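> Please find the sequence and the predicted model below.
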Amino acid sequence: MTTSVQFFGAAQMVTGSKHMITTPQGKKVLLDCGLFQGAGKESGELNRMWGFDPSEVDYLILSHAHIDHTGLVPKLVKDGFKGKIFANDATRDLCEIMLADSAYIQKSDIKYVNKHRKKKGLPSLEALYDINNVEKALSLFHIVPMKKKYSIDDEIEILMTDTAHILGSAAINLKIKGPDKVLNITFTGDIGRPNDKILFGPSPFPQADYIICESTYGNRLHAPQSEVESKILEYVNQICVKNKGKLIIPAFSVDRTQELVYALDRLEHYGKLPPIKVYVDSPLSTKATAVMNRNRHYFNKDILSYITRDGDPFNFDNLEYTGSVEASKAINERDEPCIIISSSGMADAGRIKHHIKNNVEDARNAILLVGYATPDSLAGRLKNGYETVRIFGQEYPVNCQVFSMQNFSAHADYQEMIDYLKCQDASKVKKLMLVHGDYEVQQEFALKLNKEGFMNIAIPEMGEEIILD
């Protein structure tokens, strides 16, 4: 038998990462099991279809904990998967809190959906999964050490190498031992940035025969990261000090929130941050910050040096982590300048929607977008200059200012991805397959990779299978 890879998510789109390797012995290895996000009704439909039988999957290997890479793991278990789940320690720790949070969101969302379906005379839908499915999934996890070869059976060996996208993010390097040859396959997962403020930069990976590579920003160069703190301070002074308004920042709970807090902590440490309240209004962000602090062995030497001087890099005098719903509501009732950091990053779920709803009509305020957002998401519509946005079924005029900072992106830009791939002899890579990107962006990135010597580049469609000879 031959080895093949089939694409069931993040194929000519950015979310829903799912790539199935079939080995010469017929074993099925799923790389990631992510939730489709940000595409409205289409996402809901995609999240209920597999394209394969979960009970036939032998192994699941996770590149990192973001929900668009892990958010369907409990449903995979619910629908029949009984194999082993491989991940490193940080990814497992983050999955424990993120999947539980996702189950809560599923429960909440399905109530809302079914309420409207009932009005239309449609049958009720079942939640994708619940907390029991999460707990069952967590029981199947097996920890893979970073940067050490790990055999999961006599045919398959894993080596995880750093990508610096979020805590624990890793490229999955597979060695598949066939009857007459060995294939080396690398799945990059999401590639981070070389000068990450918290994590080690992406590390080289072994020579691969085949590479499955992300391509989110395959046509974009980011602004220099050195401008981050000065730019944040500029927005704080303009909105909170001059306008006496609120600066609302939608941010993913893992990594992005901690990077923002670390930047504000440094500004406060050096006496530059005005004395205004900063709220991290997300129970998940609070838990994720605790996980970050427990996994400091992933931190780079710069932040570890800062910790020796400052102590906790994610805490300072005017910072408050809010837990209860009552505390969250109280923030909106206060008419005082402040910074509110809340999830989710695309502003499509969680407390951030309430903060935007309550503040988007006030010209004193501003919304600062600090990460990727699909065009159909609330953050995407704000970024694209919509004059009104629909929130909880009601239209709101966008009177506040909307800013966007790509300095915080946890995804490498095209030059950073090219630099990451320079550890490879391009002439020895038989095929490079682009995933996790919009099709037009992938086409542009493919041309850039051609110039670097990668000549056989594929942009797989959903469901497409590619034979790896």
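Structure received. Residues are numbered from 1 along each chain as shown.

> Now do the helix or strand of the chain with the lowest mean pLDDT: distance to the chain's middle.
Between all helices and strands in the chain, the lowest mean by mean pLDDT, DSSP states H and E belongs to helix 41-46, at a mean of 82. Centre-to-centre, helix 41-46 and its host chain are 19 Å apart (CA atoms, centre = their mean, to the nearest Å).

> hmm, who's touching it?
G9, T15, G16, L35, F36, Q37, A39, V113 (CB atoms under 8 Å, 6 or more residues apart in numbering). Placement of C-beta: from N, CA and C, glycine included.

> in the stretch 151-300 of the chain, what spans have low per-residue confidence?
225-226 (pLDDT under 70).

> need the helices for it, in chain order.
228-235, 256-269, 283-294 (DSSP state H, counting those that start in this stretch).

> Run through the neighbouring helices and strands of the last one.
Here helix 283-294 is seen to pack against helix 89-119, helix 256-269, strand 319-322 when contacts are counted using 3 or more CB pairs under 8 Å, 6 or more residues apart in numbering; DSSP states H and E.

> and these, which one's lowest on average pLDDT?
When the helices and strands packed on helix 283-294 are ranked by mean pLDDT, helix 89-119 comes last with a mean of 88.

> Give me the contacts around stretch 241-252.
66, 235-236, 239-240, 257, 260, 274, 276, 285, 336-347, 352, 355-356, 359, 362, 364-371, 379, 400.

> hmm, try it at 7 Å
Stretch 241-252 is touched from outside by 235-236, 239-240, 257, 260, 274, 337-345, 347, 352, 355-356, 359, 362, 364-371, 379, with contacts defined as CB atoms under 7 Å, 6 or more residues apart in numbering.

> Also stretch 131-145?
73-75, 77-78, 84-89, 92, 96, 99-100, 103, 150, 158, 160.

> what do you get for stretch 299-317?
196-200, 258, 261-262, 265, 268-269, 289, 293, 296.

> top of those residues by neighbour count?
Q258 (26 neighbours; other CB atoms under 10 Å).

> Quick one: residues contacting it.
Applying CB under 7 Å, 6+ apart, the residues contacting Q258 are I198, T289, M292, F314.

> Mind putting the residues you listed into TSV with distance to F445?
Formatted as TSV, the contacts of Q258 follow (distance: CB to CB, whole Å):
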residue	distance to F445
I198	26
T289	33
M292	31
F314	34
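
> Could you work out the most separated pair of the residues you listed?
By the measure CB to CB, I198 and T289 form the most distant pair in the contacts of Q258, at 11.3 Å.

> From the contacts of stretch 241-252, keep the buried residues only.
With burial judged by 16 or more other CB atoms under 10 Å, the buried subset of these is 235-236, 239-240, 257, 260, 337-345, 347, 352, 355-356, 359, 364-371, 379.

> out of these, which are inside helices?
Of the buried ones among the contacts of stretch 241-252, the ones assigned to helices by DSSP state H are Y235, T257, L260, I352, H355, I356, N359, A379.

> Check the gap between the residue lying farthest from the centre of the chain and P250 for me.
The outermost residue of the chain relative to its centre, with distances by CA atoms, centre = their mean, is D180 at 38.0 Å. D180 sits 52 Å away from P250, going by CB to CB, to the nearest Å.

> before we move on, what about G121?
On the measure of CB to CB, G121 and P250 end up 35 Å apart.

> residue ranges of the strands in the stretch 51-200 of the chain, please?
59-61, 84-87, 141-143, 150-151, 156-162, 170-177, 182-187 (DSSP state E, counting those that start in this stretch).

> can I get those in CSV with mean neighbour count?
Formatted as CSV, those follow (neighbours: other CB atoms under 10 Å):
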stretch, mean neighbour count
strand 59-61, 24
strand 84-87, 22
strand 141-143, 15
strand 150-151, 14
strand 156-162, 21
strand 170-177, 24
strand 182-187, 20
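
> circling back: to S409, which of the helices of the stretch 151-300 of the chain lies closest?
Per CB to CB, nearest to S409 of these: helix 256-269, 9.0 Å.

> According to the record, where do the domains of the protein fall?
3-220+410-468, 225-404 (automatic domain parsing).

> wait, what's in contact with D362?
Contacts of D362 by CB under 7 Å, 6+ apart are G245, N399, C400.

> Hmm, I typed the wrong one, I wanted T322.
Counting by CB under 7 Å, 6+ apart, T322 touches Y279, D281, S328, I331.

> That one - nearest residue in space that isn't next to it in sequence?
D281 (4.7 Å; CB to CB, 6 or more residues apart in numbering).

> shouldn't the one you found be in contact with I340?
Yes: with contact defined as CB atoms under 7 Å, D281 and I340 form a contacting pair (5.9 Å).

> shared neighbours of the two, anything?
I331.

> Could you list the low-confidence segments of the stretch 1-150 of the chain?
Those would be 39-40, if you go by pLDDT under 70 across the stretch 1-150 of the chain.

> and the residue most central in space within the chain, how far is that from L174?
Central residue of the chain (CA atoms, centre = their mean): H66, 4.0 Å from the mean position. To L174, H66 is 20 Å away according to CB to CB.

> again with S215
Taken as CB to CB, the span from S215 to L174 is 20 Å.

> again, but for V402
For V402, the distance to L174 - CB to CB - is 42 Å.

> same thing with I418?
23 Å.

> Same check on H116?
44 Å.

> before we move on, what about I340?
With distances taken as CB to CB, I340 is found 42 Å from L174.

> K75 - how many residues pack around it?
22.

> tell me the pLDDT at the residue nearest to G380 when sequence neighbours are not counted?
Closest residue in space to G380, ignoring its immediate chain neighbours: A373 at 4.1 Å, by CB to CB, 6+ apart. Predicted confidence (pLDDT) for A373: 82.

> Right, I'll call it a day here.
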